[in-house]
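Asker: whatever this is, show me its structure:
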Amino acid sequence: MNKTVVKALELLQLFTTYEQLTLQEIVQLTKLPKTSVFRMVQSLMTTGFLKKEGEAYELGLSLLQFGCLVTERLDVRKVALPIMKQLREETNEAVNLVVKDGDEAIYVEKVETSEPVRVYTRVGRRAPLYAGACPRVLLTFMSIEEQKKYLDRVELIPITSKTIVNREELKNLINEAKKKGYTVSHSELADYSSAVAVPIFNHEGKVVAGLSVVGPENRFQSSYIEQLVPKLKHKAGQISKALGFIGGKDVEL
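Answerer: Numbers count the residues shown, from 1 in each chain. Below you'll find the predicted structure:
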């Protein structure tokens with residue numbers, strides 16, 4: 001373990017008990033040298049984890065931001081999992097849940113299919129927002145300003161032979177998907193795999209996650225996708241409603 005990091009975290013832990021502490025009080029409670037405490041406090045202030053009010057220190061806004069993100073993501077997983085299991089029972093396809101983390105999507109939950117031929121996706125996997133139905137649904141339904149900034153800066157790197165790396169083609173695909181209310185991909189993240197995804201919204205009407213069904217490409221023909229979309233939208237609507245999204249039984253897109 002990195003002792004400096006551990007000591008800094010122990011210092012932060014003090015503020016779960018005390019609202020404000022002076023430098024001398026922190027020294028007394030941690031029993032660390034004053035110079036060491038001062039350096040850690042300065043570093044924590046620079047990164048926004050602490051702020052100074054007069055002679056005392058208190059928790060900074062960075063912790064609030066992290067706390068909100070963790071709470072939001074954990075809530076999505078908790079609410080989504082039983083509904084994902086229902087969707088798997090209705091479709092017998094693997095069901096994935098992703099959230100945005102920086103410029104990437106991270107798979108935070110999955111329910112596996114019982115089909116002998118399946119597409120393997122592990123929890124914790126990361127993917128760029130432009131590739132694959134589930135990551136791209138996050139990109140499709142983010143704010144226009146945020147979307148534009150992302151598309152202007154991202155380097156479109158091929159992951160498979162079918163990954164979309166033409167910027168104009170990607171923009172057109174996003175616009176079309178937004179009108180339809182769902183995204184589709186074929187062999188963009190893994191060869192011979194397909195996915196269909198829909199957005200999940202929170203109480204502010206912001207997209208916070210993507211819900212998808214995934215399977216072998218030969219099963220995901222147009223007629224089959226048309227059957228999957230209403231089921232996906234219905235389940236995403238249930239999750240969104242549980243997160244405080246104001247809407248009907250299904251998410252209206």
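
Asker: contacts, neighbours, all on C-alpha from now
Answerer: Fine.

Asker: and the lowest mean pLDDT element among the helices and strands of this structure?
Answerer: helix 61-91 (a mean of 84; mean pLDDT, DSSP states H and E).

Asker: show me what that helix is packed against.
Answerer: strand 94-101, strand 104-111, helix 222-242 (3 or more CA pairs under 8 Å, 6 or more residues apart in numbering; DSSP states H and E).

Asker: for His203, give me its contacts.
Answerer: Counting by CA atoms under 8 Å, 6 or more residues apart in numbering, His203 touches 240, 243-246.

Asker: which among these end up buried?
Answerer: Among the contacts of His203, the ones that count as buried by 16 or more other CA atoms under 10 Å are 240, 243, 245-246.

Asker: farthest-separated two in those residues?
Answerer: Greatest spatial distance among those (CA to CA): Leu243 and Ile246, at 9.2 Å.

Asker: picking that back up, any idea of the angle the least confident helix or strand of the chain forms with strand 94-101?
Answerer: With axes from the mean of the first three to the mean of the last three CA atoms, to 10 degrees as the basis, helix 61-91 and strand 94-101 are set at 160 degrees to each other.

Asker: returning to what we had before: any idea which of the helices and strands packed on helix 61-91 is most buried?
Answerer: Each of these was scored by mean neighbour count; the highest is strand 94-101, a mean of 25, by mean count of other CA atoms under 10 Å.

Asker: partners of that strand in the sheet?
Answerer: Its sheet considered, strand 94-101 pairs with strand 104-111 (antiparallel), strand 207-216 (antiparallel) by DSSP bridges.

Asker: check contacts around the residue nearest in space to the middle of the chain.
Answerer: Nearest to the mean C-alpha position of the chain, counting by CA atoms, centre = their mean, stands Val99 at 1.6 Å. Residues in contact with Val99, defined by CA under 8 Å, 6+ apart, are 73, 105-108, 135, 138, 208-210.

Asker: of all pairs in those, which one is the farthest apart?
Answerer: Once CA to CA is applied, the contacts of Val99 give Arg73 and Pro135 as the farthest pair, at 15.3 Å.

Asker: what about these two, which has more around it?
Answerer: Pro135 (30 against 18; other CA atoms under 10 Å).

Asker: noted, bye for now.
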